[in-house]
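Asker: Based on what follows, work out the 3D shape:
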Amino acid sequence: MKAFTITVLVFLTFSTFAQKPIQFKVGLNNSLYGSGDLRGFEYYNEIIFPINGHLSWAPSIHVGSGSNNPIDNTSPRFSTTSIGTDFTVYFSPWQFEKSKIQMGVGPSIRYFNDGTPETTGFQTIEIGNSLKRVYEYYYPIPSSYVSPGFSVVLDSELKVSNHWKIGGRVSFSSFLEGQTIAQLGLSAGYTLFRK
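Answerer: Here you go, the predicted structure:
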């Protein structure tokens, strides 16, 4: 009898989770890397699994790149590229008929490839008879590393049909190697399973 009861409870648990809508979300964020001087974009895919009416968890994959835009040849050009994954737990305190605002936090791990100015070269140009101007050129030396960290997310959704949602997202990520990513972007989601 115990085995039958346990089997029924396990089956009911799986069938309950199977009836909850799973949402697939894609988004594009305007990103600030480092101390905010490296501007770029980040694309992400996220699958949201509901736990109950107010909690959900979501693994996601992120791909992004950013760089600064020097004004002239005397300024260094820094760049960074990242790929990584987040595991976010969302809490949804504000839910309305067609919209929802949720806050999330969770661990994150990223692979970064940074182009950092390491070497300097000089070029002298004569202007007129005696004036000289020296330009400094920087050559980026790439450095690659993997860094764990955490992410904090504020996400909003607006339901446009039974399956489609659009929204906005603000997030901040900090990593042990000192890298930070601040993001503001838009997203679109599709509910995969709905009863």
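
Asker: so what's Pro93 up against?
Answerer: Shown in contact with Pro93 (C-beta atoms under 8 Å, 6 or more residues apart in numbering): His54, Ile101, Gln102, Met103. C-beta coordinates here come from the backbone N, C-alpha and C atoms, glycine included.

Asker: Try it again at 10 Å.
Answerer: Counting by C-beta atoms under 10 Å, 6 or more residues apart in numbering, Pro93 touches His54, Lys100, Ile101, Gln102, Met103.

Asker: do you know how far the third one is from Gln23?
Answerer: Read that as Ile101. 15 Å (C-beta to C-beta, to the nearest Å).

Asker: And these two? Which one has more around it.
Answerer: Remark: of Ile101 and Gln23, Gln23 carries more neighbours, 21 against 15, as counted by other C-beta atoms under 10 Å.

Asker: tell me the pLDDT at the closest residue to the more buried one other than its chain neighbours?
Answerer: Take Gln23 and drop its neighbours on the chain: the residue closest to it by C-beta to C-beta, 6 or more residues apart in numbering is Ile48, 4.3 Å away. Note for Ile48: predicted pLDDT of 94.

Asker: so Ile48 touches Phe87, yeah?
Answerer: No: look at Ile48 against Phe87 with C-beta atoms under 10 Å: they stay out of range, at 11.8 Å.

Asker: anything in contact with each of those two?
Answerer: With C-beta under 10 Å, 6+ apart, Ile48 and Phe87 have common neighbours Trp57, Ala58, Pro59, Ser60, Gly104.

Asker: Report the two of these separated the most.
Answerer: With C-beta to C-beta as the measure, no two of these lie farther apart than Pro59 and Gly104, at 11.8 Å.

Asker: what do those two both touch?
Answerer: With C-beta under 10 Å, 6+ apart, Pro59 and Gly104 have common neighbours Glu46, Ile48, Asp86, Phe87, Thr88.

Asker: Give me the distance between the first one and Thr88.
Answerer: Which is Glu46. From Glu46 across to Thr88, the span is 8 Å (C-beta to C-beta).

Asker: circling back: which one of the shared contacts of Pro59 and Gly104 is nearest to Gly149?
Answerer: The nearest member of the shared contacts of Pro59 and Gly104 to Gly149, counting by C-beta to C-beta, is Asp86 at 9.3 Å.

Asker: Pairing partners for the helix or strand hosting that closest one, with directions?
Answerer: Assigned by DSSP states H and E, Asp86 belongs to strand 79-95. Sheet pairing of strand 79-95 (DSSP bridges) gives strand 55-67 (antiparallel), strand 99-127 (antiparallel).
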